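>>> I need the structure of the sequence given here:
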Amino acid sequence: MAGSTEKLRWYFTNLPLVSTSLIATVLICYKIRLDRNFSDVALCVQPHMVLTGQVSRLIKYVVHHKNIYHLVLSIGSLAIFGTTAERQAGSFRFLWLMTVFSVLSGVLTVLFSILLGFSSLYSSLMYSCPALGLMPGMFAIMVLVFKSYPLKMTVFLFLMIPNSAMPWILLILSQIITQDNMFIGNLCGCVIGSIYLRTSKSISVMPLWVVKVVDKYLVMVFKYIPLIRYIPGTAEELPVYNKSVASVARDGNYQTDDYVVRIKEDSVQSYKVNKLMQMGFEKEEIIVALTAANHDIEQAVSILSNGQVGPQASVVPMPS
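Model prediction:
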């Protein structure tokens, strides 16, 4: 119980910048829309309006939520999957991903609506005004998040479901909950996320030098702001430390099939280890995470919370 309390306290005092800002933005926009009684037509992705040159609709639609159920769905998705993706990719990369995924999902929605519009049964789609909100971009993010999970299966309604199938199951459930004409947009989000996974080997193809420049300044800006955290995205890929496959080379270094692992346990500050152990994490996982995070305790918690170390992680000691 104490460990769970510590994790919750850490979560609400280390809110990722972009996810938190998006939640605040959609709440404010929804309140303004209700107060001023804005028409849905002003913001939605309406295919025939996009074709007339109003391409700004391909990004403006993210703040358009038709009802409270749709709004809660977007906020819940951001709180669960958005924060996870942001802690994995970094704040700047996550913002870039959300922007690209949202625009591409909007483009694909328009294309699908045009193609279906040739049929007399779906001709109304050309003039439809679906309230898509953040969900298309979030469904693309969900595809990435479930792909990055260390386990291949997820327990859902007492059933073991493959992670690759979870975004599609959530897509169907979201349609049942909202019962709106946003299914095509959300479907496009899943499709965009799946295409991205098959065309990119990393969580972001943003040039590393750009991320480093942005991180350098924004980390300093948000360092003294309480509760909100800007998460840098320039950490090296987390290596896998597995004692079972380690062997000692002639020079005395411990080696694995892929890495030479060199960690001194006493090089990790004991107070950081103790603090993370109080949150319920295992000591060996903590040492691996702190080493991978360059001893940054917040980044280490992010690595541990996202399960990036894995159940087989262990620390290979340096020879004395």
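
>>> what residues sit buried inside stretch 102-113?
For stretch 102-113, the neighbour count (16 or more other CB atoms under 10 Å) marks 102-110, 112-113 as buried. To be clear about C-beta, it is placed using only N, CA and C from the backbone, and glycine gets the same treatment.

>>> please enumerate the strands of this structure.
According to DSSP state E, the chain carries its strands in the segments 15-16, 153-156, 159-162, 228-229, 247-248, 254-255.

>>> would you list these in TSV and tack on mean pLDDT?
As requested, the strands of the chain are exported to TSV (pLDDT from 0 to 100):
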stretch	mean pLDDT
strand 15-16	87
strand 153-156	74
strand 159-162	82
strand 228-229	86
strand 247-248	40
strand 254-255	40
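
>>> point out the most buried one among these.
Compared across the strands of the chain, strand 15-16 shows the largest average neighbour count, a mean of 20 (mean count of other CB atoms under 10 Å).

>>> this structure - how does it break down into domains?
Domain segmentation of the chain under automatic domain parsing yields 2-199, 237-320.

>>> single out the most deeply packed of those.
Most buried of those by mean neighbour count (mean count of other CB under 10 Å) is domain 2-199; its value is a mean of 18.

>>> and that domain, how far out from the chain middle?
Domain 2-199 sits 11 Å away from the centroid of its parent chain (CA atoms, centre = their mean, to the nearest Å).

>>> on that earlier part again, rebuild the strands of the chain as CSV, extending it with distance to Thr199.
Shown next, in CSV, are these (distance: least, CB to CB, whole Å):
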stretch, distance to Thr199
strand 15-16, 26
strand 153-156, 24
strand 159-162, 21
strand 228-229, 30
strand 247-248, 37
strand 254-255, 34
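
>>> which one of those strands lies nearest to His65?
The closest of the strands of the chain to His65 is strand 15-16. By CB to CB, the value is 20.8 Å.

>>> partners of the closest one, with directions?
Here strand 15-16 has these sheet partners by DSSP bridges: strand 228-229 (parallel).

>>> mind listing residues that contact the strand it pairs with?
14-17, 20, 222, 298 (CB atoms under 8 Å, 6 or more residues apart in numbering).

>>> same thing but at 6 Å, please
Strand 228-229 is contacted from outside by 14-15, 17, using CB atoms under 6 Å, 6 or more residues apart in numbering.

>>> rewinding a little: which stretch among the strands of the chain comes nearest Ala131?
With CB to CB, the closest approach to Ala131 among these belongs to strand 15-16: 25.3 Å.

>>> helices or strands next to the longest helix seen in the chain in the packing?
Counting residues, the longest helix found in the chain (DSSP state H) is helix 91-117. Packing contacts for helix 91-117, counted by 3 or more CB pairs under 6 Å, 6 or more residues apart in numbering; DSSP states H and E, involve helix 17-36, helix 47-51, helix 57-60, helix 135-148, helix 183-199.

>>> recalculate using a threshold of 7 Å.
When contacts are defined as 3 or more CB pairs under 7 Å, 6 or more residues apart in numbering; DSSP states H and E, helix 91-117 packs onto helix 17-36, helix 47-51, helix 57-60, helix 83-89, helix 135-148, helix 183-199, helix 208-222.
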